[in-house]
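Below is the sequence, then the predicted model.
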Amino acid sequence: MKINEIFYSIQGEGKWAGQPNIFIRTTGCNLRCSFCDTKYAYEKGETLSIKQILEKIKIYQCEKVCITGGEPLEQYDGTNKLISLLVKKQYKICLETNGSKNIKDLKNKNSLVISLDIKCPSSKMHKKMQFENVSLLVKKDQLKFVIKDKEDYNYAKKIIKKFKPKCSVFFQPVWGTNPKNLIKWILNDELNVQLSLQLHKIIWGEKRKGV
């Protein structure tokens, strides 16, 4: 697999926010979101075998592994194999995927948390989403929308109403925008969603790699 970085840090987003995680960031992404904060993972990385990846992460005394990107499902076979071996070694796994890759045939779905990121209009990538993925999520999974403005908010709200996800739903403001408006909209509409703030950026600011 081509891997951009492997590091140990605090999870900044979603249901594992604030908890120590081992991060495996894969290289390559099929999307080019307007607000992407991991452009360095588009192409840069080194080729590692699954065995080498497992050797690198075993130095950390941590049971949670977040496989992120880029887009991990760009390397579908490798990511599936990596997940299978992590499951055998009894890690708890979260797979972060961008909503454009079908997760129907993903192996070991019962043994990991799928974190599905549905892109909103401000990303310029919203037309590339596979919405059937939302219906495949179960209670243990999570659905995330990164929201810049009211248009994004209304778009996310319509998707929730249409697909009625069974899992936790997170609304996350685009970094640098004031979350107060998003909070106001959520409260006014009495939406059953959770606000997600990027803890790693609050702590370390704009530092990109290894946080």
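Yep, it's here.

what's in contact with the longest strand seen in the chain?
Ordering each strand of the chain by length in residues (DSSP state E) puts strand 2-10 first. By CB atoms under 8 Å, 6 or more residues apart in numbering, the surrounding residues in contact with strand 2-10 are 18-28, 40-41, 44-48, 53, 56-57, 60, 62, 69-70, 75, 199-200, 203, 209-211. For the C-beta atoms, the positions are set from N, CA and C on the backbone; glycine is no exception.

Restrict those residues to the buried ones and give me that as a PyMOL selection.
Applying 16 or more other CB atoms under 10 Å to those leaves a buried subset, and the PyMOL line that selects it is:
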select buried, resi 21+22+23+24+25+26+27+28+40+41+45+48+53+57+62+69+70+75+199+200+211
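
about what we covered before: which SSE is immediately downstream of the longest strand of the chain?
strand 20-26 (DSSP states H and E).

Give me the helices and strands touching the very next helix or strand once past that next one, please.
Next along the chain after strand 20-26, taking DSSP H and E as the criterion, comes strand 46-47. On a contact count with 3 or more CB pairs under 8 Å, 6 or more residues apart in numbering; DSSP states H and E, strand 46-47 meets strand 2-10.

The strand it packs on: how far from the chain's middle?
Offset of strand 2-10 from its chain centre (CA atoms, centre = their mean, to the nearest Å): 14 Å.

give the contact list for the closest residue to Thr27 other than its chain neighbours.
For Thr27, ignoring the flanking residues on the chain, the nearest one in space by CB to CB, 6 or more residues apart in numbering is Gly45 at 3.2 Å. Gly45 is in contact with Lys2, Ile3, Asn4, Glu5, Thr26, Thr27, Gly28, counting by CB under 8 Å, 6+ apart.

Same list (those residues) but as CSV, adding pLDDT.
Listed next are the contacts of Gly45 as CSV, based on pLDDT from 0 to 100:
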residue, pLDDT
Lys2, 98
Ile3, 98
Asn4, 97
Glu5, 97
Thr26, 98
Thr27, 98
Gly28, 97
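
Now distance to Asn98 too, for those, in CSV please.
As requested, these are exported to CSV (distance: CB to CB, whole Å):
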residue, distance to Asn98
Lys2, 17
Ile3, 18
Asn4, 15
Glu5, 18
Thr26, 12
Thr27, 14
Gly28, 11
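
can you tell me which two in those are farthest apart?
Glu5 and Gly28 (13.2 Å; CB to CB).

shared neighbours of the two, which are they?
With CB under 8 Å, 6+ apart, Glu5 and Gly28 have common neighbours Ala41, Gly45.

so where do the helices sit in this protein?
Secondary structure of the chain by DSSP state H: the helices cover 50-57, 76-88, 132-136, 150-163, 179-189, 199-204.

In the fifth one, which of the residues would be classed as buried?
For helix 179-189, burial by neighbour count (16+ other CB under 10 Å) applies to Pro179, Leu182, Trp185, Ile186.

which one of those sits closest to Ser100?
Taking CB to CB as the measure, Ser100 lies nearest Leu182 of these, at 23.7 Å.

Quick check: closest non-adjacent residue to that closest one.
Nearest to Leu182 is Pro173, by CB to CB, 6+ apart, at 5.1 Å.

Just list the residues touching the one you found, thanks.
Contacts of Pro173 (CB under 8 Å, 6+ apart): Val146, Ile147, Lys148, Pro179, Leu182, Leu197.
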